[in-house]
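# predicted model and sequence follow; I will ask about them next.
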Amino acid sequence: MGVMTALPRVVGEWTVDDVDRLPDDGLQYELLDGVLLVTPAPTMWHQRATGNIFVRLRDACPPGFEVFFAPLDWRPDRLTSLQPDVLVVRNEEVREGDIGAAMVLAVEVLSPSTSRKDRVLKRSRYEEAGVASYWLVDPVEPSFEALDLVDGVYASTTRVTGDATARMELPFAFEVVPAELVRPPE
């Protein structure tokens, strides 16, 4: 991926209505507290890791939850429109168009152009919104880190690298080996 860019608005803040009017040009447009964030299309490694974690989550997902992948907007307010790489919501929170309620899980697959946005900006916004679990996958290292809300603040509950197995209980029982997320299919 190339470099992420933040575009200030000449007059006023960006809103979800402004984002909806942007071109479908292969770039990822996200909105964080009225600031537009623009990121190039993901790399093959990013896509492989995202697809693999989506499939594994979908296969492990119990009734009552649904797993989605980007591009799907999470819009908790009119000034925020983020696209986690993978997200899990309760069935009753699914609506036409986008996700407005708190997710139970947001997963971000890191890349050089998005690492700061994912580790700092999105983490802060998800934490503030009460997203119960936030997972970071690094396809380069490869590594996996699970953050869970504890008293309203994210705490790192699991961190593994390479061929080690991460075992989570939130939002539901799930196991993942980071190295397997980036291996090509056999």
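Yep, it's here.
# make it CA atoms for all contacts and neighbour counts henceforth
Will do.
# quick one: terminal-to-terminal distance for stretch 22-42?
Chord length of stretch 22-42, first to last residue, is 19 Å (CA to CA, to the nearest Å).
# for it, the distance to its chain's centre please.
14 Å (CA atoms, centre = their mean, to the nearest Å).
# buried set for it?
Buried residues in stretch 22-42, counted by 16 or more other CA atoms under 10 Å: 28-32, 34-40, 42.
# regarding the protein, what is its longest helix?
helix 44-60 (DSSP state H).
# pLDDT (mean, whole number) over that helix?
Per-residue pLDDT values over helix 44-60 give a mean of 95.
# helices or strands up against it?
On a contact count with 3 or more CA pairs under 8 Å, 6 or more residues apart in numbering; DSSP states H and E, helix 44-60 meets strand 65-69, strand 86-90, strand 105-109, helix 178-182.
# alpha carbons only: can I get stretch 110-120 in CSV?
Provided in CSV are the C-alpha atoms of stretch 110-120 (Å, rounded to 0.1, in the frame of the first residue of the first chain):
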residue,chain,number,x,y,z
LEU,A,110,-1.7,-3.7,9.3
SER,A,111,0.3,-2.4,6.4
PRO,A,112,3.0,0.3,6.3
SER,A,113,0.6,2.9,5.2
THR,A,114,-2.1,2.1,7.7
SER,A,115,-0.3,1.0,10.8
ARG,A,116,-0.4,4.3,12.7
LYS,A,117,-4.0,4.9,11.7
ASP,A,118,-5.0,1.4,12.9
ARG,A,119,-2.8,1.4,16.1
VAL,A,120,-3.7,4.9,17.2
